[in-house]
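**Q** Fold the following.
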Amino acid sequence: MSTPEDAGAVYRRYLSAVLLHGHASAKAVDLGATDLYALNILGLGGPMTPGELGRRTGLTTGPTTRLIDRLEQAGYVRRVPAPDDRRKVIVEPVAGPGGLDAALAPARQRIGAIIQGYSPEQQAVLFDYFARAADAYLEATAELTGRARPASADG
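**A** Okay, the predicted model is just below:
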């Protein structure tokens with residue numbers, strides 16, 4: 001299979017579809033896209049300080065505080081004292097948005113069927129690409145923002 005002449009357009013269409021689906025999924029469970037993104041970061045990276053959550057979401061202190069307030073009020077996270085320094089706070093996930101699995105199920109099923117159509121070797125290439133592309137995007141984001149990138153997509 002050769003690379004299409006409009007590979008850049010195909011890739012941009014893919015990225016746009018993923019972003020659009022993320023926004024629609026968030027809206028389906030009465031969240032903003034940034035709120036859902038923050039919950040995903042906490043789900044992948046585990047409990048973290050508000051500063052770390054802000055760094056990973058690209059938000060400044062004020063918007064991060066409001067984000068955590070919204071998520072806490074909705075019952076998705078809680079603030080707990082840091083075990084090593086009670087003056088610090090850790091944000092930990094306590095629940096996922098109700099209905100999120102149902103909202104994501106159609107896309108997950110469709111994407112799962114696409115991936116299952118590939119051989120195990122092709123699937124290995126796809127997942128290698130996902131991992132390496134995530135790292136590349138994190139590195140490029142760090143360059144754009146002047147911030148250090150996390151050690152991995154979830155850390």
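**Q** need the helices for the protein, in chain order.
**A** Using DSSP state H, the helices of the chain run over 7-28, 33-45, 50-57, 61-73, 100-116, 120-145.
**Q** In CSV, list the ones you listed along with distance to Arg79 and mean pLDDT.
**A** Where you see a C-beta, it was placed from the backbone N, CA and C, and this is true even at glycine. Listed next are the helices of the chain as CSV, based on distance: least, C-beta to C-beta, whole Å; pLDDT from 0 to 100:
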stretch, distance to Arg79, mean pLDDT
helix 7-28, 22, 93
helix 33-45, 12, 94
helix 50-57, 8, 93
helix 61-73, 7, 95
helix 100-116, 22, 94
helix 120-145, 25, 93
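**Q** Which positions within the longest strand along the chain qualify as buried?
**A** Assignment by DSSP state E gives strand 85-93 as the longest strand of the chain. Across strand 85-93, burial judged by 16 or more other C-beta atoms under 10 Å covers Val89, Ile90, Val91, Pro93.
**Q** re earlier: figure out which of the helices of the chain is closest to Pro81.
**A** Checking the helices of the chain against Pro81 by C-beta to C-beta gives helix 50-57 as the closest, at 12.8 Å.
**Q** That closest one: which residues count as buried?
**A** For helix 50-57, burial by neighbour count (16+ other C-beta under 10 Å) applies to Pro50, Glu52, Leu53, Gly54, Arg55, Arg56, Thr57.
**Q** between those, which is nearest Phe130?
**A** Nearest to Phe130 out of the buried residues of helix 50-57 is Arg56 (C-beta to C-beta; 18.4 Å).
**Q** Please tell me I have it right and the closest one contacts Ile41.
**A** Yes. Counting by C-beta atoms under 8 Å, Ile41 is a contact partner of Arg56 at 5.0 Å.
**Q** burial count for Val29?
**A** Using other C-beta atoms under 10 Å, Val29 is surrounded by 19 other residues.
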